[in-house]
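1. This is a predicted model, with the sequence first.
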Amino acid sequence: MPLTPAQIDKIAEDLRAQMRAEYKARKLRKIEQGFYRNVRAVLIDLEDEAQRSLAAQDIDRFIRLKDRKDQIEKDLRSFLQKRFEKILIAAIYELDSATMESLTQEEREIILEIHNLVQDRFDAFLLKRKQKEPEQQVVEEHGAGEEEKAEEQAGEPMAEAPGESGEVKYVLIRVLSDQPPIAQEDRDYYLHENDILYVPEEFAEILVKRGAAIPIRREKAVTEK
């Protein structure tokens, strides 16, 4: 159902107010979940109306609608530039609940994607990925992607990460489904289906009990080779 002129005016004014507030605030502000959806609806309606006016050869109305749409797009771009500047900075650091709660669903997906990419780059520089990659290859070559074998491994003792020292014991697991962000003492975890990684043993046991992950026996994969 098309928006009324009054609804379009209200959403456009809200966008301008959000843009001004975003430039004044130093931190990410909480905005309504439907904010982007409403602005997109306005842009779609204005474009549809402009095309109908053009088809009816009402050129004056066509120009007015296009100018209105262009102004809203300009305001949205200005808002996004400032908003995304803050999101990019926040994505470099560990994500806390206050940051995530201030974002819309679209923004949460963006910040998690950027955060995971940055963390991967950090791990590469810190040589953390060097220990994981050989084990991932062994598991992949010997059927870690097969659901039946993974289920058989679920009840077996978990493999300790090679080269780990100190009080914390790490074990190898495979994640069975996408998980929400999980905060732990060593770091925040962003787990996705079929991820294979080392995690602290206590955390691994929690995931296994929840049915969110299964342990992997490294020794078995090497024997089958």
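-> In hand now; what should we look at? Numbers count the residues shown, from 1 in each chain.
2. what's downstream of the top helix by length along the chain, the next helix or strand?
-> In the chain, with assignment by DSSP state H, the single longest helix is helix 59-92. Counting by DSSP states H and E, the next helix or strand C-terminal to helix 59-92 is helix 97-101.
3. what are the ranges of the strands in the chain?
-> Counting by DSSP state E, residue ranges of the strands within the chain are 170-175, 182-183, 188-189, 196-200, 213-215.
4. okay if I get those strands as TSV plus mean pLDDT, distance to S102 and mean neighbour count?
-> In short, each C-beta sits where N, CA and C put it, glycine included. Shown next, in TSV, are the strands of the chain (pLDDT from 0 to 100; distance: least, CB to CB, whole Å; neighbours: other CB atoms under 10 Å):
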stretch	mean pLDDT	distance to S102	mean neighbour count
strand 170-175	87	27	22
strand 182-183	82	17	13
strand 188-189	82	17	16
strand 196-200	85	28	20
strand 213-215	91	30	24
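5. ok so, going back, run through the neighbouring helices and strands of the longest helix of the chain.
-> Applying 3 or more CB pairs under 8 Å, 6 or more residues apart in numbering; DSSP states H and E, one finds that helix 59-92 contacts helix 5-24, helix 35-55, helix 105-125.
6. buried residues in it?
-> Residues of helix 59-92 classed as buried: 62, 65-66, 68-69, 72, 75-76, 78-79, 83, 86-87, 90-91 (neighbour count, 16 or more other CB atoms under 10 Å).
7. Stretch 8-20 too?
-> I8, I11, A12, L15, Q18, M19.
8. Can you name the residues that contact the residue nearest to M19 when sequence neighbours are not counted?
-> Distance criterion CB to CB, 6 or more residues apart in numbering; nearest residue to M19, sequence neighbours excluded, is F79 at 4.1 Å. F79 makes contacts with L15, Q18, M19, E22, as judged by CB atoms under 8 Å, 6 or more residues apart in numbering.
9. Roughly how far does the residue nearest to I114 when sequence neighbours are not counted sit from T104?
-> Excluding the flanking residues, the one nearest I114 by CB to CB, 6+ apart is A91, at 4.0 Å. Counting by CB to CB, to the nearest Å, the gap from A91 to T104 is 15 Å.
10. got it, and A17?
-> 16 Å.
11. Kindly report the same for Y93.
-> Look at Y93 and T104: by CB to CB, they are 20 Å apart.
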